[in-house]
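Trainee: Need a 3D model of the following:
(one chain, ligands or ions: 1)
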Amino acid sequence: MLIEATGLACRAGDKLVLGEVTLSCRPGEMVGLIGPNGAGKTTLLRHLAGLAAPAAGRVTYDGQSLREMSRPALARRLAYLAQDADAHWPIRVDQLVRLGRLPHRRPLSGETAADLAAVAAALAATETTVLAARRFDTLSGGERMRALLARALAVEGEMLLADEPVAALDPYHQLHTMELLRSVTEKGAGVVVVLHDLTLAARFCDRLVLLAGGRVLADGPAGAVLSDRNIAEAYHIKALHGAAEGLCFTLPWRRLPPGDGRDFS
Ligand SMILES: Nc1ncnc2c1ncn2[C@@H]1O[C@H](COP(=O)(O)OP(=O)(O)OP(=O)(O)O)[C@@H](O)[C@H]1O
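Mentor: Have a look, this model is predicted:
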């Protein structure tokens with residue numbers, strides 16, 4: 001197992017944010033983390049990235065406790081694309097993407113051919129080469145997200161944790177980004193991606209983990225996880241399910257009445 005969280009618990013004040021959460025991702029696997037607003041998805045991803053310490057439970061990376069790994073070693077192997085990532089100083093897009101190579105650089109050493117190639121490949125893959133000389137803070141929301149994805153890809157890590165990477169993207173770039181994440185898994189890396197779009201989640205992920213109220217409500221293939229019952233319980237909606245060109249889609253259709261008025265028809 002590449003990354004494995006076992007019995008993770010986290011509280012914020014008296015609120016239970018994560019309770020007994022277990023999640024794993026194998027090399028070459030893409031796990032979709034879904035669930036309603038406030039379910040704990042970002043909190044879980046931050047724990048997987050080693051950016052937060054759990055009150056209980058543990059995260060292991062390749063069998064080794066995350067707490068025992070040095071930051072530089074982890075930064076070379078694991079890339080984290082945050083939901084609200086931003087650059088807090090004026091920086092060009094190419095400079096931003098080059099930051100993804102910092103964990104690979106030796107102190108006082110310059111960029112290697114491998115660094116330059118990784119940056120060029122990441123810019124090309126995200127179709128941001130044309131934005132390379134632009135200042136990051138002049139980009140649109142979707143362009144920024146693609147530049148940040150380029151930085152994460154430039155790490156060329158074994159594990160990519162991406163928090164809502166398609167939220168700001170148009171349909172073309174949503175599909176393109178999901179294909180990119182798939183290509184990352186085809187090279188053997190693991191990907192855990194937070195998504196609100198259930199169709200994209202079902203279509204591109206090998207497995208879905210549905211989080212609700214800080215607990216795992218379901219973990220498995222999309223067909224089982226996206227049952228009417230699970231969708232009603234987690235999101236309080238009814239979804240329509242269909243298929244086209246041999247692929248399934250799930251379309252949020254209507255809110256369920258409050259209280260116990262859930263119908264699974
Ligand atoms: N420091 C904190 N103090 C109080 N509540 C917190 C704190 N940190 C997180 N929470 C709460 O924990 C819950 C989980 O937050 P989290 O950001 O993980 O949700 P999420 O599933 O990623 O949601 P979204 O889909 O809206 O991004 C939310 O209700 C949030 O308000």
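
Trainee: buried ones in the helix or strand harbouring residue 22?
Mentor: For residue 22, the host element (DSSP states H and E) is strand 15-25. Using 16 or more other Cβ atoms under 10 Å as the test for burial, strand 15-25 gives 16, 17, 18, 19, 21, 23, 24, 25. For every residue, glycine as well, the C-beta is placed using N, CA and C.

Trainee: And stretch 59-71, by the same measure?
Mentor: Buried positions in stretch 59-71, judged by neighbour count with 16+ other Cβ under 10 Å: 59, 60, 61, 66, 69.

Trainee: In the stretch 51-200 of the chain, which residue sits nearest the ligand?
Mentor: residue 83 (6.0 Å; Cβ to the nearest ligand atom).

Trainee: Up against the ligand, what does the stretch 1-150 of the chain have?
Mentor: 12, 13, 15, 17, 35, 37, 38, 39, 40, 41, 42, 43 (Cβ under 6 Å from any ligand atom).

Trainee: ok, how many other residues are close to the second one?
Mentor: Read that as residue 13. Applying other Cβ atoms under 10 Å, we find 6 residues neighbouring residue 13.

Trainee: quick revisit: of the residues of the stretch 1-150 of the chain next to the ligand, just the buried ones, PyMOL syntax please.
Mentor: Filtering these down to the buried ones (16+ other Cβ under 10 Å) takes a single PyMOL command:
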select buried, resi 17+35+39+40+41+42+43
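
Trainee: of all the residues of the stretch 1-150 of the chain next to the ligand, which two lie farthest apart?
Mentor: Taking every pair in these and measuring Cβ to Cβ, the maximum separation is 20.8 Å, between 13 and 35.

Trainee: all helices of this protein, in order?
Mentor: Ranges of helices within the chain are 41-48, 71-77, 93-98, 113-125, 141-154, 171-186, 198-204, 222-225, 228-235, based on DSSP state H.

Trainee: Give me the average confidence score over the shortest one.
Mentor: On average, the pLDDT along helix 222-225 is 96.

Trainee: Can you mark which positions in it are buried?
Mentor: Within helix 222-225, judged by 16+ other Cβ under 10 Å, the buried ones are 222, 225.

Trainee: and what of stretch 106-121?
Mentor: If you call a residue buried by 16+ other Cβ under 10 Å, then stretch 106-121 has these buried ones: 115, 118, 119.

Trainee: Could you tell me the per-residue confidence at the first one?
Mentor: Think residue 115. Residue 115 is given a pLDDT of 92.

Trainee: for it, what are its contacts?
Mentor: The contact partners of residue 115, taken as Cβ atoms under 8 Å, 6 or more residues apart in numbering, are 98, 101, 104, 105.

Trainee: Just flag the most distant two among the residues you listed.
Mentor: The largest separation in those, counting by Cβ to Cβ, is between 98 and 104 at 10.8 Å.

Trainee: Pick out whichever of the buried residues of strand 15-25 sits closest to the ligand.
Mentor: Scanning those for proximity to the ligand, where the rule is Cβ to the nearest ligand atom, the winner is residue 17, at 4.1 Å.

Trainee: Residue 202 and residue 190: what is the separation?
Mentor: 19 Å (Cβ to Cβ, to the nearest Å).

Trainee: I misspoke; the intended subject was residue 198.
Mentor: From residue 198 across to residue 190, the span is 21 Å (Cβ to Cβ).

Trainee: is it true that residue 72 touches residue 103?
Mentor: Yes - taking Cβ atoms under 8 Å as the definition, residue 72 is a contact partner of residue 103 at 5.8 Å.

Trainee: Between those two, point out the one with more neighbours.
Mentor: The neighbour comparison of residue 72 against residue 103 (other Cβ under 10 Å) goes to residue 103, with 17 against 11.
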